[in-house]
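Q: Sequence and predicted structure are below.
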Amino acid sequence: SQQGEEDPQALSIQEGENATMNCSYKTSINNLQWYRQNSGRGLVHLILIRSNEREKHSGRLRVTLDTSKKSSSLLITASRAADTASYFCATGPGSARQLTFGSGTQLTVLP
Amino acid sequence: DAGITQSPRHKVTETGTPVTLRCHQTENHRYMYWYRQDPGHGLRLIHYSYGVKDTDKGEVSDGYSVSRSKTEDFLLTLESATSSQTSVYFCAISEQQGDTEAFFGQGTRLTVV
């Protein structure tokens, strides 16, 4: 069973707009991670936020974590066509002892 | 890119035949993982390894076995391939178990006919 579930499943926006993706999970975690997957490629790590952190930034990425609601959000600001990809949240380790991935959000950024 | 190589990248095999996928790393990371990716299911863990000859089952281990005889190599074997094992398989590595970032290979697309 999947620990993290992303919402929405698909998102389409115009270049320059912000994109927000959400992740909900069920059990306690030590950290939550976000990954990007371009079509036909492997996953690439974007950012890791630990359970004692509430917000983290990396370039145009902003991640928030609310452990009381068991949810996280990934915000991509000023999106570009090159941001078109699938985005996955992964929780770890918690009781599962390893990273557990959600089913992903497919982001399409239109030029 | 992290030094992870999966082979083969593509394979078509017949039902009932054994298949072995190879993952090779040059990062000397302790942990190695095999995931499968299917539409609507995201990535699901098949098996993982926490050291040479030390492996454990993941969420979807039935029909799969693994071996790790060297730090750098992690093999995934489908003993008798079935159509339900048609999928994209990813190898990943990490320094710590689930507590640091994982690095992924490029994937192996396996089709069982």
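A: In hand now; what should we look at?

Q: all contacts plus neighbour counts: C-alpha atoms, from now on.
A: Fine.

Q: pLDDT of stretch A:100-107, averaged?
A: In this model, stretch A:100-107 has a mean pLDDT of 91.

Q: how much distance is there from it to the middle of the chain?
A: Counting by CA atoms, centre = their mean, to the nearest Å, stretch A:100-107 is centred 7 Å from the centre of its parent chain.

Q: Get me the contact residues on chain B for chain A.
A: Contacts of chain B with chain A, taken as CA under 8 Å from any CA of the partner chain, map to B:40-45, B:59, B:90, B:97-107.

Q: Make a PyMOL selection of the buried ones in these.
A: Entered in PyMOL, the line below selects the buried ones among these, by 16 or more other CA atoms under 10 Å in any protein chain shown:
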select buried, chain B and resi 42+43+44+45+90+97+98+99+100+101+102+103+104+105+106+107
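
Q: and the residues of chain B next to chain A, which of them are in strands?
A: Residues of the residues of chain B next to chain A located in strands (DSSP state E): B:42-45, B:90, B:103-104.

Q: Which pair of those residues spans the longest distance?
A: Largest separation among these by CA to CA: B:G42 and B:F103, giving 16.4 Å.

Q: lowest confidence element among the helices and strands of chain A?
A: The least trusted helix or strand in chain A, going by mean pLDDT, DSSP states H and E, turns out to be strand A:5-7, with a mean of 85.

Q: Same list, the ones in strands among the residues of chain B next to chain A, but as JSON lines with pLDDT please.
A: Conversion of these to JSON lines gives the following (pLDDT from 0 to 100):
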{"residue": "B:G42", "pLDDT": "84"}
{"residue": "B:L43", "pLDDT": "91"}
{"residue": "B:R44", "pLDDT": "93"}
{"residue": "B:L45", "pLDDT": "93"}
{"residue": "B:F90", "pLDDT": "97"}
{"residue": "B:F103", "pLDDT": "93"}
{"residue": "B:F104", "pLDDT": "95"}
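
Q: Looking at the residues you listed, which one is closest to B:T13?
A: Checking these against B:T13 by CA to CA gives B:F90 as the nearest, at 17.8 Å.
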